[in-house]
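[1] Quick one: sequence and predicted model below, then my questions.
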Amino acid sequence: MYVVSLIARPGGLQPALVENLRNAWGGAEADWLSPDEAAEFTMERMPDNRWDVWQSLQDERVDMVVQGAENRAKSMLLADMDSTMIEQECIDELAEEAGVGAHVRKITARAMNGELDFEGALIERVALMKGLDSAVIQRVLETRITHMPGASVLLATMRAKGAYTVLVSGGFTEFTGVVATALGFDENRANTLIIEENILSGEVQMPILGRQAKVTALEEVTKLRGLSEQDVIAVGDGANDLGMLRRAGTGVALHAKPSVAAECEVRINHGDLTALLYLQGYARSDFVVPTPKG
């Protein structure tokens, strides 16, 4: 049995569209998880024209995912940080403070698209930060970093359902620690900038955590918690996320680079992070909205 999930921005999913697709594919009655935003229905076989329909729905700004009906609600969330749980790339924001923003953004974009070796690209970009006062990190966190829409609700809901949550990034612990605490992750893993006498040295602590580190986190945490990889929902947007996205039970390419999305079965291009809850079968009435701190 398969589940077809249709997800759009609030107000963007028309009942007629859902009913037309359900009828065309011979699906069961649609279940609306959120009025005019998310609906799903079951069907007995994988449709042959799935990707043709997917492409036509993209033109309507509607995401469609077809997945197996079993074990949709996951026990672990494994998430990338930059351009996934936050709206920015932290190294790009540091580069703006260093006056080399445009140059670094080009390198970042190519690295995330899989055009450059991640480790080499990271070393090159960090070297351009040499001499910056470490106080710039706090300034960037306070003035430039914003959480991705739906991030806090995703974390609060999954934790309320008993899931373990891990933030794993090719970025830096100086950022992941703050973001993980603010959103409520159980743990975080990332690279560490070398700081000497409150000045960035232009170097990053070795070994560099990249694509394999995210797979390693998946392996280590699932083993430690007695879970299988099928119990994991992972989310990311860049080439260095592909390893964990392929291994996880549900690997979600969120607003991903085209070359990355093309290699993933589950793609969310229009919805926000709450789409990950809809994919697990949760209705909006199941969502947990955290109380703002302070």
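    Received, thanks.

[2] pLDDT at Ala98, what is it?
    Per-residue pLDDT puts Ala98 at 81.

[3] what separates it from Ala30, distance-wise?
    According to CB to CB, to the nearest Å, Ala98 and Ala30 sit 52 Å apart. Bear in mind the C-beta positions are built from the backbone N, C-alpha and C, glycine included.

[4] Equivalent analysis for Arg159, please.
    Remark: distance between Arg159 and Ala30 (CB to CB) = 29 Å.

[5] can you pull the buried residues of the longest helix seen in the chain?
    The helix spanning the most residues in the chain, taking DSSP state H as the definition, is helix 211-224. Of all the residues in helix 211-224, those buried under the rule 16 or more other CB atoms under 10 Å are Arg211, Ala213, Lys214, Val215, Ala217, Leu218, Val221, Thr222.

[6] Dump the C-alpha coordinates for that helix into CSV.
    Output in CSV follows, covering the C-alpha atoms of helix 211-224 (Å, rounded to 0.1, in the frame of the first residue of the first chain):
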residue,chain,number,x,y,z
ARG,A,211,29.4,14.1,3.9
GLN,A,212,30.6,10.9,5.6
ALA,A,213,30.3,12.5,9.0
LYS,A,214,26.5,12.8,8.4
VAL,A,215,26.3,9.1,7.5
THR,A,216,28.4,8.3,10.5
ALA,A,217,26.0,10.2,12.8
LEU,A,218,23.1,8.2,11.3
GLU,A,219,24.9,4.9,12.0
GLU,A,220,26.1,5.8,15.5
VAL,A,221,23.0,7.3,16.9
THR,A,222,20.6,4.7,15.5
LYS,A,223,22.9,1.9,16.9
LEU,A,224,23.1,3.7,20.3
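
[7] Output the contacting helices and strands for that helix.
    strand 76-79, strand 164-172, strand 187-191, strand 232-236, helix 242-247 (3 or more CB pairs under 8 Å, 6 or more residues apart in numbering; DSSP states H and E).

[8] Summarise which helices and strands the next helix or strand after the last one is packed against.
    Next helix or strand after helix 242-247 toward the C-terminus (DSSP states H and E): strand 250-254. Packing partners of strand 250-254 (3+ CB pairs under 8 Å, 6+ apart): strand 232-236, helix 242-247, strand 266-268, helix 275-279.

[9] tell me the mean pLDDT over the third one?
    To tie it back to what came earlier, the one meant is strand 266-268. Per-region confidence: strand 266-268 scores 97 on mean pLDDT.

[10] Quick check: which helices or strands does it pack against?
    By 3+ CB pairs under 8 Å, 6+ apart, strand 266-268 packs against strand 63-68, strand 250-254, helix 275-279.

[11] Walk me through which strands that strand pairs with, and which way each runs.
    Here strand 266-268 has these sheet partners by DSSP bridges: strand 250-254 (parallel).

[12] who's in contact with the strand it pairs with?
    Here strand 250-254 makes contact (CB atoms under 8 Å, 6 or more residues apart in numbering) with 67, 72, 74, 84, 232-237, 241, 244-245, 260-261, 263-268, 273, 275-276, 279-280.

[13] Please produce a PyMOL select command covering the buried subset of those.
    The buried residues among the contacts of strand 250-254 can be selected in PyMOL (16+ other CB under 10 Å) with this line:
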select buried, resi 67+72+74+84+232+233+234+235+236+237+241+244+245+260+261+264+266+267+268+273+275+276+279+280
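
[14] one step back: nearest to Thr173, of the helices and strands packed on strand 266-268?
    Taking CB to CB, strand 250-254 is the member of these nearest to Thr173, at 22.3 Å.

[15] hang on, the earlier thing: could you export the helices and strands packed on strand 266-268 to TSV, including columns for distance to Val204?
    Output for the helices and strands packed on strand 266-268, formatted as TSV (distance: least, CB to CB, whole Å):
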stretch	distance to Val204
strand 63-68	35
strand 250-254	25
helix 275-279	30
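
[16] any chance of the ones you listed in CSV, plus mean pLDDT?
    What follows is the helices and strands packed on strand 266-268, written out as CSV (pLDDT from 0 to 100):
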stretch, mean pLDDT
strand 63-68, 98
strand 250-254, 98
helix 275-279, 98
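
[17] Out of these, flag the one nearest Thr181.
    Closest approach to Thr181 among those (CB to CB): helix 275-279, 20.6 Å.

[18] Done for today, thanks.
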